[in-house]
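Student: How does the following fold in three dimensions:
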Amino acid sequence: MNRIILLIALSICCGESYSQTIVKDTSDPFFEWRFHLIDAPYMIDAAKTETIRADDGSAPFHGSAQTKSYGNFYRNLSMEQATDMARNLHGSLYYGHNVLWNKWIKPTNTKKYILNRALANITALGTDYLAIKLPYGFAFQHEEFHRAVMTTRNVYSYDEVWNFGKGLDIAVTRVKDEDLIYLKRHFPADQVRLSAAGVEGEYRYLQRMREDNFFKETGYPMIGISLLGTLHAISYVNLPFAKRFNAITDSILSYDKNNILARDFTGYDFSAWVYDLFTPHEPYEARGQWPGGIGIKRPIKETDLTPEMKRFLRQTGNMQYLNLVSPFMIGINRLQLKPGRYFNFALRSVPTSFGYYAGGDFFLDIQKCRMMVSLGVNKSKNLTLPAVDLRYYDLVEKENARFNTSIQLSGWMQPKDQLFAADKAEFGIAIGLQPRYAISDRFSIMADLSHKTKGWVFGNPYLDSKFSGRLGFNFKTR
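Tutor: The predicted structure is shown next:
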């Protein structure tokens with residue numbers, strides 16, 4: 001399968017390159033702020049977790065959430081809301097860089113265009129570094145994707161990004177051992193996805209920004225975070241193979257010996273991910289006691305992994321290099337096939353609740369018909385299964401129409417019950433509608449209505465069948 005995907009990548013990169021023209025990002029700087037204020041049922045689940053912790057309880061939750069628990073919505077974002085906010089923060093900075101450099105060096109010829117883009121990307125990398133650990137930044141999204149998985153099962157957690165001044169050492173804490181025991185006992189697939197969800201969030205951020213750069217021609221100068229963020233994800237998945245890994249895991253175990261709630265929910269993500277992937281029926285407490293302390297030993301060392309676990313983790317780690325294969329990585333946001341026909345692509349591999357997904361996102365703009373088609377496979381121990389996703393943007397083609405909508409259709413085959421070792425597969429679908437209505441030239445009200453059957457969906461925290469509804473607004477600069 002690796003050879004097949006590599007051949008696809010090479011054919012895309014090399015095939016008929018003579019007919020493709022790089023489209024320069026010369027449009028006037030543009031940005032669109034957006035946020036869903038209502039996101040149900042996720043916001044209800046989040047309020048339940050706040051109520052549980054206020055009462056010093058544990059999952060599962062039986063009853064109604066306290067009204068005041070909804071007041072902490074700002075720190076309990078769904079995966080979609082976290083993606084929106086990371087996009088709003090970093091995108092605002094990119095917009096500022098574009099305005100600045102278009103004023104100082106107008107891209108009126110090729111030489112000035114290259115200089116303009118180079119300087120914009122260099123300065124954008126600097127502000128990305130400053131914003132990355134802030135609330136609603138890129139790293140915040142990583143942690144919030146972890147938390148979203150727990151929230152769907154009413155497990156309380158806390159993102160230490162809110163502890164300003166903590167620096168680069170950010171963790172998800174205040175998780176009870178009892179809640180992790182409950183999660184793995186009743187929802188082993190969620191336990192697996194919990195560890196992988198942070199990297200999933202990083203890849204979702206990059207996909208979302210690429211949608212803007214291709215379809216809205218925003219021209220975000222984001223080469224730096226694209227490369228460094230992807231390299232971080234690759235190295236993080238492969239970290240258990242580093243010589244220092246057992247030593248740094250031991251260093252985690254040397255702290256917080258008598259303070260369970262101060263501990264990170266898992267330690268390093270991907271040793272725990274592959275361990276739980278292979279042991280869905282093993283009780284969480286079988287990890288053993290925290291050395292020299294109280295509670296359960298959460299971090300998984302490389303020496304805790306079997307040879308079979310290591311082989312699959314290595315395969316998953318190698319597949320992460322696919323995420324580097326895209327013209328977006330070097331600032332090429334649109335390729336013109338012929339007048340009125342534009343194209344781009346980004347290969348993608350993401351660790352999941354059952355193994356990993358591998359495929360690609362293909363961006364198309366054909367005579368103003370805009371769509372993104374994602375094709376790939378879902379890989380587990382015994383199965384390699386198909387997956388397809390289609391997003392069609394702006395169904396109403398009328399210029400300056402007040403009402404418009406986008407639609408998303410997905411279909412997949414995934415292992416039964418999301419279990420890595422399953423021999424049988426289950427079919428699943430998802431459908432979504434994203435209507436919006438323009439109140440003025442710049443301000444719009446938007447909604448997002450979707451339903452999915454049981455299964456893993458990129459950027460959706462629920463593995464169960466679920467109907468979701470969102471309502472919010474967007475504001476654009478032009």
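
Student: Buried residues, the lengthiest helix in the chain. List them.
Tutor: Looking across the chain with DSSP state H, the single longest helix is helix 79-104. Using 16 or more other Cβ atoms under 10 Å as the test for burial, helix 79-104 gives 79-91, 93-99, 101-102. C-betas here are computed from N, CA, C, even on glycine.

Student: What segments of the stretch 201-350 of the chain are strands?
Tutor: 335-338, 341-351 (DSSP state E, counting those that start in this stretch).

Student: Just put these in TSV and tack on distance to P107 and mean neighbour count.
Tutor: Shown next, in TSV, are the strands of the stretch 201-350 of the chain (distance: least, Cβ to Cβ, whole Å; neighbours: other Cβ atoms under 10 Å):
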stretch	distance to P107	mean neighbour count
strand 335-338	17	15
strand 341-351	19	23
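
Student: Relative to G219, tell me which of the ones you listed wins on proximity.
Tutor: Nearest to G219, of all the strands of the stretch 201-350 of the chain, is strand 341-351, at 13.4 Å by Cβ to Cβ.

Student: Quickly run through the sheet partners of that closest one, with directions.
Tutor: Neighbouring strands of strand 341-351 in its sheet, by DSSP bridges, are strand 335-338 (antiparallel), strand 356-366 (antiparallel).

Student: So for A54, which of the strands of the stretch 201-350 of the chain sits nearest?
Tutor: strand 341-351 (33.4 Å).

Student: before we move on, the earlier item: so what secondary structure elements neighbour the longest helix of the chain?
Tutor: strand 32-40, helix 110-131, helix 138-151, helix 188-211 (3 or more Cβ pairs under 8 Å, 6 or more residues apart in numbering; DSSP states H and E).

Student: what separates the residue positioned nearest the centre of the chain from Y321, distance-wise?
Tutor: Nearest to the mean C-alpha position of the chain, by Cα atoms, centre = their mean, lies G201 at 2.0 Å. Noted for G201: a distance of 19 Å to Y321, by Cβ to Cβ, to the nearest Å.

Student: Please apply the same query to A171.
Tutor: According to Cβ to Cβ, A171 and Y321 sit 27 Å apart.

Student: Which of those two has more residues huddled nearby?
Tutor: Neighbour count, other Cβ atoms under 10 Å: between A171 and Y321, A171 has more, with 21 against 17.

Student: Which residue, neighbours along the chain excluded, lies closest to the more buried one?
Tutor: Take A171 and drop its neighbours on the chain: the residue closest to it by Cβ to Cβ, 6 or more residues apart in numbering is D264, 3.9 Å away.

Student: how far away is that neighbour from Y255?
Tutor: D264 is 10 Å from Y255, by Cβ to Cβ.

Student: any idea which of the strands paired with strand 341-351 scores lowest on pLDDT?
Tutor: Lowest mean pLDDT within these: strand 335-338, at a mean of 94.

Student: Let's see that strand as PDB, backbone CA atoms only.
Tutor: Output in PDB follows, covering the C-alpha atoms of strand 335-338 (Å, rounded to 0.1, in the frame of the first residue of the first chain):
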ATOM      1  CA  LEU A 335      -2.300  25.700 -10.100                       C
ATOM      2  CA  GLN A 336      -4.000  26.700 -13.300                       C
ATOM      3  CA  LEU A 337      -4.600  23.700 -15.600                       C
ATOM      4  CA  LYS A 338      -6.200  26.000 -18.200                       C
END
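
Student: rewinding a little: which one of D264 and Y255 has more residues nearby?
Tutor: Each of D264 and Y255 has its neighbours counted (other Cβ under 10 Å); D264 has more, 20 against 11.

Student: Let me see the contact set for the more buried one.
Tutor: Residues in contact with D264 (Cβ atoms under 8 Å, 6 or more residues apart in numbering) are A171, V172, T173, I252, R298.

Student: most neighbours per residue, which of the strands paired with strand 341-351?
Tutor: Of all those, strand 356-366 has the most neighbours on average by mean count of other Cβ atoms under 10 Å, namely a mean of 21.

Student: Check what contacts it and list those residues.
Tutor: In contact with strand 356-366 (Cβ under 8 Å, 6+ apart) are residues 1, 5, 8, 12, 207, 210-211, 214-215, 316, 319, 322, 334, 340-350, 370-379, 387, 456, 458.

Student: Same question for stretch 78-88.
Tutor: 33-36, 39, 42-43, 46, 77, 136-138, 140-141, 144-145, 148, 201, 204-205, 208-209, 212, 448, 459-461, 470, 472.

Student: Make CSV out of the helices and strands packed on helix 79-104 and add distance to P280 and mean pLDDT.
Tutor: Shown next, in CSV, are the helices and strands packed on helix 79-104 (distance: least, Cβ to Cβ, whole Å; pLDDT from 0 to 100):
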stretch, distance to P280, mean pLDDT
strand 32-40, 29, 95
helix 110-131, 38, 95
helix 138-151, 15, 96
helix 188-211, 4, 98
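
Student: Columns distance to I52 on top of the ones you listed, output as a markdown table?
Tutor: Formatted as a markdown table, those follow (distance: least, Cβ to Cβ, whole Å):
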| stretch | distance to I52 |
| --- | --- |
| strand 32-40 | 19 |
| helix 110-131 | 32 |
| helix 138-151 | 11 |
| helix 188-211 | 17 |
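
Student: out of those, nearest to D269?
Tutor: Among those, the nearest to D269 by Cβ to Cβ is helix 188-211 (4.6 Å).

Student: for the closest one, packing partners?
Tutor: Judged by 3+ Cβ pairs under 8 Å, 6+ apart, helix 188-211 is in contact with helix 79-104, helix 138-151, helix 177-186, helix 223-237, helix 269-278, strand 341-351, strand 356-366.

Student: Including distance to I429, could those go into CSV?
Tutor: As requested, the helices and strands packed on helix 188-211 are exported to CSV (distance: least, Cβ to Cβ, whole Å):
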stretch, distance to I429
helix 79-104, 19
helix 138-151, 22
helix 177-186, 25
helix 223-237, 28
helix 269-278, 25
strand 341-351, 19
strand 356-366, 16
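
Student: picking up where we left off before, for E178, find the nearest of the helices and strands packed on helix 79-104.
Tutor: Evaluated with Cβ to Cβ, the helices and strands packed on helix 79-104 place helix 138-151 nearest to E178, the distance being 12.9 Å.

Student: Show the subsequent helix or strand relative to that closest one.
Tutor: Helices and strands here follow DSSP states H and E; after helix 138-151, the next one along the chain is strand 158-159.

Student: in the stretch 351-478 of the chain, which spans are strands?
Tutor: 356-366, 369-379, 384-393, 403-415, 425-438, 443-452, 466-476.

Student: in its sheet, what does the longest one sit against?
Tutor: So the one you mean is strand 425-438. Strand pairing (DSSP bridges) places strand 425-438 next to strand 403-415 (antiparallel), strand 443-452 (antiparallel).

Student: low-scoring stretches of this structure, by residue?
Tutor: For the chain, applying pLDDT under 70 flags the ranges 1-20, 165-169.

Student: what's the burial count for the residue nearest to P299 when sequence neighbours are not counted?
Tutor: With Cβ to Cβ, 6+ apart as the criterion, P299 has its nearest non-adjacent residue at 2.8 Å, and that residue is G267. Close neighbours of G267, defined as other Cβ under 10 Å, add up to 19.
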